Structures are given as structure tokens and as C-alpha cells.
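Asks: I would like the atomic coordinates for the input below:
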Amino acid sequence: MTSWAGDRAAFAAAAGWFAATAATIDTEWDRPALGDWTVRDLVGHTSRALLTVEAYLAAGAGAGTGAGAGAAARAAARATVASTVDYYRLAMASLGEPSAVAARGHEAGLALGPDPARTVAAIARRVIAVVDGAKSDARVATPVGGMRLADYLPTRTFELTVHTCDLVAALGVPAVVPDAAASAALRLVADLAVDSGLAATLLLAATGRGPLPAGFTVL
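Replies: Numbering: from 1, shown residues only. Sure, this is the predicted structure:
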């Protein structure tokens, strides 16, 4: 069981690592990065892990169920997504179509403007402050349903951590993942593996007892 303070610290560590990595990019913005994405596209996609926290919190703010509440606020109040793992299963089923994900990443990269690294740094500072001022039971209105911020935030820490690993790989530099971010991301990997019935496979590979199957993923 993790604490809300620990969850916030892990998110801040992941966001800070992402922003610091983006700040090292010079002429590599058009370099191939991940799939069809360039480095700019990948940075844009990763920035959405910050921006969605801000946007979904705003959509769920003051979530009530009365006639004056918006649809997003009413959904957030109902907290229809029960856990972090449930969010991933619902999101992958309804939001994970590859061409749509690729298009959103490209659009997000363009939206970073002429100085992407500076834009990312500003976004990271702003969203970290928003999270630091929020309560664990604040409601967020996501495209797959309402949920608690404490359940949603680990998904953003995971996305920031994994995609910053992708980014440093594209840049050809070693990945030195902050401990708090790495621990949070690996906890979610473990939970997803258990939910998928893949715990034994992952445990055996992680302890040197055999390789992972080709194409293995917990997502």
C-alpha cells in the first residue's frame, strides 16, 4: 500500500525526469523515435501524461450529480472506474487504436510550439503544483469514466516513466530512472501482470529462470 505523499513524489520525480530529458534535446526533434513518431511526437505524446491530469481534474472539479452538474462532473462523482488497473483495461479497449494514438501524439508534438523543451518545463511545473495541492479523493473525469485522482495518478507516473525511457533510447543515452518513479511504474507492471494471469511468467524471467516470450506485454 502506498501513501498519497509517496504517489505525488513519484509523479513529480517522473515529470521532472521527463522535463530534464526534453531539455537536453538540441537538433534531434525530427529524429525517428518510437513507431511512426519522431522525437517531437514522442515528447508531445508524453506531455499528455501531464496535461490530462490537469484537464481531467478540471472536468471533475466540484463533481456533483445535480441538474446543474455537467456530464463529465457527474461521471467523475460516480467514480465508475474502480482502480488503476481497471483504467488501463478500459483505456486500452477504447482509446488504444494505434492510428488514433499516433495521430494524437503528432498533434501534441506540434502543440508544443517553437521551443518544445521550454513548453514541457512549464507544463511540468504547473501540473506538479496542481497535484501537490490536490487531495487523493479528488475526482477526475476521464474518457472511460470518473475515478479518484489517487487511482488515476499512477497511470500518469507510469506513462511518464516508460515514455521517458523511450525518449532516452531514441536520443542514444542511458536511462537513469529516478528511484521513486521506477518503483511506482514497476508496482503497476506487477499489478497488470497479476490481472492478466502473467505473474508467473514475469516472476520467472525477473529471477533469471527463463526468457520472456517474444512480444510479451502486460498491457
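Asks: can I get the helix or strand harbouring residue 157 in CSV, CA atoms only?
Replies: Assigned by DSSP states H and E, residue 157 falls within helix 149-171. Coordinates of the C-alpha atoms in helix 149-171 are reproduced here as CSV (Å, rounded to 0.1, in the frame of the first residue of the first chain):
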residue,chain,number,x,y,z
LEU,A,149,-7.1,11.1,-8.5
ALA,A,150,-5.2,8.6,-6.3
ASP,A,151,-6.2,5.8,-8.7
TYR,A,152,-5.5,7.8,-11.9
LEU,A,153,-2.2,9.5,-11.0
PRO,A,154,-0.2,6.2,-11.0
THR,A,155,-1.2,5.7,-14.7
ARG,A,156,0.4,9.1,-15.5
THR,A,157,3.6,8.3,-13.5
PHE,A,158,3.8,5.0,-15.4
GLU,A,159,3.4,6.8,-18.8
LEU,A,160,5.9,9.4,-18.0
THR,A,161,8.4,6.9,-16.8
VAL,A,162,8.1,4.4,-19.7
HIS,A,163,8.0,7.1,-22.4
THR,A,164,11.0,8.9,-21.0
CYS,A,165,12.8,5.6,-21.2
ASP,A,166,11.7,5.5,-24.9
LEU,A,167,12.9,9.1,-25.3
VAL,A,168,16.4,8.5,-23.9
ALA,A,169,16.7,5.4,-26.1
ALA,A,170,15.9,7.5,-29.1
LEU,A,171,18.5,10.0,-28.1
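Asks: the helix or strand that that helix is followed by to helix 149-171, inter-axis angle?
Replies: Remark: after helix 149-171, the chain's next helix or strand is helix 179-196, criterion DSSP H and E. Going by axes from the mean of the first three to the mean of the last three C-alpha atoms, to 10 degrees, helix 179-196 is angled at 110 degrees with respect to helix 149-171.
Asks: got any ranges where this protein has weak pLDDT?
Replies: Within the chain, the segments meeting pLDDT under 70 span 1, 62-79.
Asks: all helices for it, in order.
Replies: 4-22, 39-60, 71-78, 84-95, 98-111, 116-132, 149-171, 179-196, 199-206 (DSSP state H).
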